[in-house]
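Undergrad: only geometry, no sequence info:
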């Protein structure tokens, strides 16, 4: 089983973030960690053989070393585990943190939120680190024995132009992280940036600028030797994210913590985003299953699979005459392409417009 733990604590809320998080408090942190144990053993019925563990958030690196050790001990990491990932912010990375992560497992990795290498852009979106802090944190992790590092960037930030994006991307690629995630900024309504957009205080990047930024991203990453295996994800050979790939390839995973999602026994579900309720029920009273139908499961597969370079088996689309007809039309028009293993995929150059292509294939 692949396990995800949502750690909902943040020092502050970034202007673009729509993930569930709450201010840190030491007492709540310990009660949260105890509740994860309750959810694992009561709601999920105990630990299954573990394939991957991903600690996300929120900010997992905001937990103390002692609480992180306690939390991770629930999952009994051994040599059979394929990947252990901890998300971190640059300001939390110390020599001790790096040594701690490297001691967890030979397959331990850190996913670090850099977002930009421009100090003005970082300040505007509420990040607490500078570009030099991010670079120093990267080197601290490497020196401390963490070789497998993934870095996150965002493009299309307010006021960001193509030249600034190129500088940020080039600086990150020069560090040679094993993995890179790069996301086009999405203005979610309840975030600070979403509110600012609705009031006309910021403007979205134009479609032309977004496409230019994406084109440079694809070009620069490919030139640096990275595989573009999912819309927003790039990896050096043999360093694709094992855990995250489960979200796109149909693998099952168990999510723990408030706001976490699961896909188990062919059903999707989620924990309500309430730390108070999560702790009050010892992690066992906030889970809700999504109502699903045959068509909704098919649509999920289309939406997740077509985010990747692997695509979706053509046989899956052929099982539904209407989707097969649409797929053949999209293939003829160049909006889909055949792969060598009988799949169809969206060409890389069109991934930024993938939503409109997927909408034609889903069944409503």
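TA: That came in fine, so what should we check first? Model, not experiment: these values are computed from the prediction.
Undergrad: which residues of the stretch 151-300 of the chain fall in strands?
TA: Listed in chain order, the strands of the stretch 151-300 of the chain (DSSP state E, counting those that start in this stretch) span 179-184, 227-230, 233-235, 253-256, 261-264, 267-271, 287-289.
Undergrad: Which one, of those, ends up nearest to residue 23?
TA: Closest to residue 23 of these is strand 267-271 (Cβ to Cβ; 19.3 Å). For the C-beta atoms, the positions are set from N, CA and C on the backbone; glycine is no exception.
Undergrad: Tell me where the model's unsure across this structure.
TA: Low-confidence segments of the chain (pLDDT under 70): 25-26.
Undergrad: quick one on the thing from earlier: in CSV, list the strands of the stretch 151-300 of the chain along with distance to residue 326.
TA: Below are the strands of the stretch 151-300 of the chain laid out as CSV (distance: least, Cβ to Cβ, whole Å):
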stretch, distance to residue 326
strand 179-184, 25
strand 227-230, 23
strand 233-235, 26
strand 253-256, 30
strand 261-264, 26
strand 267-271, 24
strand 287-289, 30
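Undergrad: Would you format these as CSV with distance to residue 342 and mean neighbour count included?
TA: Putting the strands of the stretch 151-300 of the chain into CSV (distance: least, Cβ to Cβ, whole Å; neighbours: other Cβ atoms under 10 Å) gives the following:
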stretch, distance to residue 342, mean neighbour count
strand 179-184, 28, 21
strand 227-230, 18, 18
strand 233-235, 23, 23
strand 253-256, 26, 23
strand 261-264, 24, 18
strand 267-271, 27, 18
strand 287-289, 33, 13
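Undergrad: Of those strands, give the one that comes closest to residue 106.
TA: Residue 106 lies closest, by Cβ to Cβ, to one member of the strands of the stretch 151-300 of the chain: strand 179-184, at 16.6 Å.
Undergrad: Mind checking the strands of the stretch 151-300 of the chain for the one nearest to residue 351?
TA: Residue 351 lies closest, by Cβ to Cβ, to one member of the strands of the stretch 151-300 of the chain: strand 227-230, at 8.2 Å.
Undergrad: surely residue 91 meets residue 129?
TA: Yes. Residue 91 is within contact range of residue 129, at 4.8 Å (criterion: Cβ atoms under 8 Å).
Undergrad: Name the residue in those two with the higher neighbour count.
TA: Taking other Cβ atoms under 10 Å, residue 91 and residue 129 do not tie; residue 129 has more neighbours (21 against 17).
Undergrad: For the host helix or strand of residue 323, name the packing helices and strands.
TA: Residue 323 is located in helix 321-333, with elements delineated by DSSP states H and E. On a contact count with 3 or more Cβ pairs under 8 Å, 6 or more residues apart in numbering; DSSP states H and E, helix 321-333 meets helix 314-318, helix 354-361.
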